[in-house]
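K.L.:
Any chance you can model this:
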Amino acid sequence: MSEPMTHEKGSVPDHVPPELVHFWDFRTGLGPCPHAQVAELHKGPRVFYSPLSHQDRSEKPVGTWVLTKAEDIRQMLQRADLFSSAQPRSHAMGETWRLIPLEVDPPEHGLFRTPLNPLFSPARIKQLEPRLRELTVDLIEKLKDRDECEFIRDFGEQFPVRIFLELMGLSGDDLSRFRKWADTIIHDRINRGKAMGEVKAFLVEQIALRRVDPREGELVSQVMAMKVGDRPFTDEEVMGTVFLLFIGGLDTVVSSLAYQFRYLAENPDDQARLRADPSMIPDAVEELFRAFPVVTTARIATEDTELAGVRIKKGDMVTGSTLLSTSDPTEFANPEVVDLTRSPNRHNTFSFGPHRCLGSHLARREIQIAIEEWLKRVPPFTVKPGTTFKTLGGGVIGMEALPLVWSRPA
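P.N.:
From the prediction side, this is the model:
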């Protein structure tokens, strides 16, 4: 077998046509407007190969196929028999346990997903709504008279993260430490393993406490009581599930809130429309989810196959980003335009297929309530003049800060 071609920034397998090689990295170089930057990839090949991957967990660069069309990304997400998600991130700390159900393929995946689904069902989220609204209002009331805020620090992380910590039965006093862990695991390849080890040690303590004193109604104790078929979760399965819930609850909604509020701050006409007619907010939030998704995921080919006319070999990494699927001009008319009344709005922001986001109902309702209550209480707001946005890349993109300003009525 011939050796792969070696490039300055990585390597390319010998079965990859040279014309399909394009250096791209979802971790770096995304600029202040990452969604527009990523959408530029639609001008190139339908499928290309980058010698770099945001999922790279090794010392040597690992390349990936990048899919740009929503149709192909759906196939990758749906066909777990061809594109596996069984890639334990615990390898970063020298271990082999799986994040459950994320790193489990069907049919085994369904055995783990089924007992988790009721925890985030529409009915369960409806029960949570009074608390969602109470915390939202409390946070806004504390900052509305200040004329400005750093949105992510003061609200964007406080609201969804505190809600999730309450669901897990964890103290909000450690929120900043938890967020630092999540940021490192998601955005910092070099220090990821160390942060994962610290999270695991913390969760081992929490699980041990609940073995002695189970806490009714909170997620950690509920996971510990779950069964796969007719047997209890093993200790590793409990850890893998609780770890995934913990990290998942600390980052994605924070990023989504930031990009959606940034859009409203930069587009006063649409902000005014939602103020004038709050009934538009649910559809508007759906369009903002489409326009500003934050997740990029990858799979490993389980056998030699072909996708969109491109030959993919067993063991190749294949990447599909929501930033590409929701900006696909063959899927959406004028995808670069944010249309708050867009209908239909068939997007993959919450993924597709068996691994569709477990917390999608909670995320939707949190952001709907956040916008409703913010617009009721805070005057028209804009981005603070002179702001330069810094993008945090990786499997979940984010922004470092979102300074907002407004003027109180005289």
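K.L.:
can you tell me the helix or strand for L244?
P.N.:
Using DSSP states H and E, L244 maps to helix 235-248.
K.L.:
Distance from that helix to the middle of the chain?
P.N.:
16 Å (CA atoms, centre = their mean, to the nearest Å).
K.L.:
hmm, who's touching that helix?
P.N.:
90, 97-103, 112, 116, 168, 178, 181-182, 185-186, 199-200, 203-204, 206-207, 219-220, 223-224, 226, 228, 233, 358-359 (CB atoms under 8 Å, 6 or more residues apart in numbering). C-beta here means a position set from N, CA and C on the backbone, and glycine is covered the same way.
K.L.:
Any of these buried? List them.
P.N.:
Applying 16 or more other CB atoms under 10 Å to these, the neighbour count classes 90, 97-103, 112, 116, 168, 178, 181-182, 185-186, 199-200, 203, 207, 219-220, 223-224, 226, 233, 358-359 as buried.
K.L.:
hang on, the earlier thing: mean confidence for the next helix or strand after the helix holding L244?
P.N.:
Moving toward the C-terminus from helix 235-248, the next helix or strand (DSSP H and E) is helix 252-266. Computed over helix 252-266, the mean pLDDT rounds to 98.
K.L.:
roughly how far is helix 252-266 from the heart of the chain?
P.N.:
What separates the centre of helix 252-266 from the centre of its chain is 13 Å, taken as CA atoms, centre = their mean.
K.L.:
and the helix or strand that that helix is followed by, what does it pack onto?
P.N.:
Helices and strands here follow DSSP H and E; after helix 252-266, the next one along the chain is helix 268-276. Helix 268-276 sits against helix 252-266, helix 281-291, helix 360-377, with contacts defined as 3 or more CB pairs under 8 Å, 6 or more residues apart in numbering; DSSP states H and E.
K.L.:
And helix 268-276, what's buried?
P.N.:
Neighbour count says helix 268-276 has 270-271, 274-275 buried, by 16+ other CB under 10 Å.
K.L.:
okay if I get those as TSV plus pLDDT and distance to S321?
P.N.:
Output for the buried residues of helix 268-276, formatted as TSV (pLDDT from 0 to 100; distance: CB to CB, whole Å):
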residue	pLDDT	distance to S321
D270	99	25
Q271	99	28
L274	99	28
R275	98	32
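K.L.:
Point out where the stretch 1-150 of the chain drops to low pLDDT.
P.N.:
Counting by pLDDT under 70, the stretch 1-150 of the chain shows low-confidence ranges at 1-10, 54-61.
K.L.:
any idea where the helices of it begin and end?
P.N.:
Ranges of helices in the stretch 1-150 of the chain, per DSSP state H, counting those that start in this stretch, are 34-39, 70-78, 108-116, 122-143.
K.L.:
of all those, which lies closest to D213?
P.N.:
helix 108-116 (22.0 Å; CB to CB).
K.L.:
Can you give me the buried ones in the closest one?
P.N.:
For helix 108-116, burial by neighbour count (16+ other CB under 10 Å) applies to 109, 111-113, 115-116.
K.L.:
Just flag the most distant two among these.
P.N.:
Largest separation among the buried residues of helix 108-116 by CB to CB: H109 and P115, giving 12.2 Å.
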